[in-house]
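Asks: Here is my input, please return the structure:
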Amino acid sequence: MTILETLTADYSRFPENQTYSIYAEDVYFQDAVFKFKGLELYKWMIKFIQTFFLNLKMDLHNIQQQENMIKSEWTLSWNSPLPWKPRISISGWSELRLNTEGLINSHIDYWHCSKLDVLKQHLFFANKG
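Replies: Reported below is the predicted structural model:
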C-alpha cells in the first residue's frame, strides 16, 4: 500500500485506527491550536480528539504528492460536548513532508477560518436558524 493509499484510508476512519508507522518518531505537528514535536504527543492529540469530539467526521476532498511533499484538503466536523451539542466544522489543508526514509516528519494543518470563527460556532445563538 502506498503512503497516499494509507493516508486516504486513515482519513476515512479518522480518528480510529490511525497508521502511526508512517510517521517519524520526531514528527513535527502544527495547527491553529497545537504545536509540538514527537510521535507520542501526536498519538495523545488524536486520543484527545477521539475522547472529546462527538460524531467526528473527516471528509477528504483531495490528496496529492509531489516528491517529498503531500498535500491534502479536508473538512473536519464534530459535535461539541457542550449541552446544546453544536455542530462545528473546519475546512483546511495539510502539508505533510517526508524524510529520506519516506516517513512523515512534518504535518502542518492550515484552516480556511480563524480560531474566532470556530469559537463562534460553539455559541448557542450562532447555531440557530
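Asks: Residue 10 touches residue 16, doesn't it?
Replies: No. Residue 10 is beyond contact range of residue 16, at 9.2 Å (criterion: C-beta atoms under 8 Å). To be clear about C-beta, it is placed using only N, CA and C from the backbone, and glycine gets the same treatment.
Asks: Among these two, which residue is more densely surrounded?
Replies: Neighbours were counted for residue 10 and for residue 16 using other C-beta atoms under 10 Å; residue 10 has more, 19 against 10.
Asks: list the buried ones in the helix or strand harbouring that one?
Replies: Element membership for residue 10 (DSSP states H and E) is helix 3-13. Buried residues in helix 3-13, defined by neighbour count with 16 or more other C-beta atoms under 10 Å: 3, 7, 10-11.
Asks: Same check on stretch 44-57?
Replies: Those buried within stretch 44-57 under the rule 16+ other C-beta under 10 Å are 45-46, 53, 56.
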